[in-house]
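Asker: below are the sequence and a predicted model for it; my questions follow.
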Amino acid sequence: MGKTKRVSYALATEFIHKEKTWVGPKTFAKGWVGSDSTPSTFKIRAPLEVEGMIIEGCFAEVLYKRSPSGLARDTFSASFFVDNARIVGIDDGKPSTHTNRVGADLDHYGQIIPHPHLHLPIESASYGYAIPLVPMSTPALWQLFLNEAGIRSAPDFTMPPEEQGSLLP
Amino acid sequence: MNCMHIKEALGYQCTPVKEGVFFLNSAFTHGYDPESLGAYVVDDGQGKLTITDDGNQLFTAQTHGVNITPRRIRKLDELLSAYQLSIKNTGEVTGTCREEEVGHFLSRYFEASIRLSDAISEMFPGAPKSFEDRVGDILNKGLTKQRITRNFTTQGSSGHQLTFPFAIDANTDHAKVIQPISTRGQDPRWSTVMQTLGKLVEFKQAHESTQAFVILEPGANAEGAAQAKAALVKYANILELSSDDLLINRLAA
């Protein structure tokens, strides 16, 4: 059993600035994976080549959920992990909000941030500070995420299949 | 039922979704993520309400790399069952209540969601050893094995069984029981602080002369640590873990 883990700001920024290449599926269509436990959610986890090496715990992950209750919008999330901890992320689609309780010296401190928003590490906390984004399409959010995380050669975003069954060969 | 009623009677931020459906946003968060905890309320128009998170709690866990397996779902579902909630096969946390029960039911829903978040935070990948394991390592290194009892169970004043993660020299006249409390974000883990308080009250009523120790994980802000100490100090000696040797010196004495 573990517990929530944070990496240091120094390590987070070091990895954001390193050259990283997507070595996951060539297309989203080939990459989406479903799960029996959360059948509305599709996932792609892609290893990243960092300066010629694949490093354990350093990867990109995309999640897409269709509302299981039929009450809500689709939900999108893209994350860059270092040492298995989320350090850059974009979230969109949920009606819930994020409150910036870290970053007292920053513009969005104390603000309630709706979706979509961008998580970036800051000096006082490698996770927990979010910047509001203007609403945009999911492919545009994906490109923004890749730029912020510094990930190259990733495929364009395309939607997961309508039903998990359609993933089957 | 409408948003005005929910807001005035219950204090949650309420947004209508469509006829008979509302989204409530709470001031509570997942803990491991500053995202707020919310709930959809579906009114069937006949006095029955369905509460659902639309799968957002498990989704948020997944954004942190948590692998949601059937076994983990069963574990989380078991935790929720005490609150008349369950995880559907769609991944939604859900439950139903009568309209007149909605205030109480929503309080329980958010309490359960906070506990769910705590349980999920223990499922994070690649995390370091828990604080309890760390305290166990220190005890094992500093004391002979025979003196340490893991998960020491005794009876409280009400007859309930009480379990402490560690005891030293258990069942002797100089026994000590030990409860570590980890830090969550910048605060002591409040759910453990409150459980420990309840446990210590019962324990001290039944075993007045036995010493109890609470060991706080460092890293909490000063205000949070002071509040935890103030709550517990009547019933236990409180140590903030600063060095392994100091802890052993205090406990072995």
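Answerer: Yep, that arrived.

Asker: buried set for the longest strand belonging to chain A?
Answerer: Longest strand of chain A, by residue count under DSSP state E: strand A:53-65. Within strand A:53-65, the residues that count as buried by 16 or more other Cβ atoms under 10 Å in any protein chain shown are A:Ile55, A:Cys58, A:Phe59, A:Ala60, A:Glu61, A:Val62, A:Leu63, A:Tyr64, A:Lys65. (C-beta placed from N, C-alpha, C; glycine too.)

Asker: the second one: what's it in contact with?
Answerer: Taking Cβ atoms under 8 Å, 6 or more residues apart in numbering or on different chains as the definition of contact, the neighbours of A:Cys58 are A:Phe15, A:Lys20, A:Pro47, A:Leu48, A:Val50, A:Phe81, A:Val82, A:Asp83.

Asker: now the host helix or strand of B:Ala39: mean pLDDT?
Answerer: Using DSSP states H and E, B:Ala39 sits within strand B:36-43. Taken as a whole, strand B:36-43 has a mean pLDDT of 94.

Asker: cool, stretch B:118-136 as well?
Answerer: pLDDT averaged over stretch B:118-136 gives 80.

Asker: kindly report the same for stretch B:11-18.
Answerer: Stretch B:11-18 comes out with an average pLDDT of 88.

Asker: show me where pLDDT drops low in chain B?
Answerer: Applying pLDDT under 70 to chain B flags the ranges B:8-9, B:126-130, B:184-186.

Asker: all helices of it, in order?
Answerer: Taking DSSP state H as the test, the helices found in chain B are B:3-10, B:56-63, B:70-81, B:102-121, B:131-142, B:190-206, B:222-232, B:244-252.

Asker: on that earlier part again, lowest-confidence one in the buried residues of strand A:53-65?
Answerer: A:Ile55 (77).

Asker: related to what we said a few turns ago, closest to chain B out of the contacts of A:Cys58?
Answerer: Set against chain B, the nearest of the contacts of A:Cys58 by Cβ to the nearest Cβ is A:Phe81 (5.8 Å).

Asker: in contact with B:Ser242, which residues?
Answerer: Contacts for B:Ser242 (Cβ under 8 Å, 6+ apart) come out as B:Pro218.

Asker: distance of it from chain A?
Answerer: Applying Cβ to the nearest Cβ, to the nearest Å, the value for B:Ser242 to chain A is 20 Å.

Asker: run the chain-centre distance for stretch A:41-53.
Answerer: Mean-position distance between stretch A:41-53 and its chain equals 11 Å (Cα atoms, centre = their mean, to the nearest Å).

Asker: quick one: that stretch near chain B?
Answerer: Yes. Against chain B, stretch A:41-53 shows contacts by Cβ under 8 Å from any Cβ of the partner chain at A:Thr41, A:Lys43.

Asker: can you pull the buried residues of that stretch?
Answerer: Across stretch A:41-53, burial judged by 16+ other Cβ under 10 Å covers A:Thr41, A:Phe42, A:Lys43, A:Ile44, A:Arg45, A:Ala46, A:Leu48, A:Glu49.

Asker: let me see the contact set for the residue nearest to the first one when sequence neighbours are not counted.
Answerer: On the basis of Cβ to Cβ, 6 or more residues apart in numbering or on different chains, the spatially nearest residue to A:Thr41 that is not a chain neighbour turns out to be A:Lys65, at 4.4 Å. Shown here is A:Lys65, whose contacts under the criterion Cβ under 8 Å, 6+ apart are A:Thr38, A:Ser40, A:Thr41, A:Phe42, A:Asp74, A:Thr75, A:Phe76, A:Gly93, B:Gly55, B:Phe59.

Asker: fine by me, we can end here.
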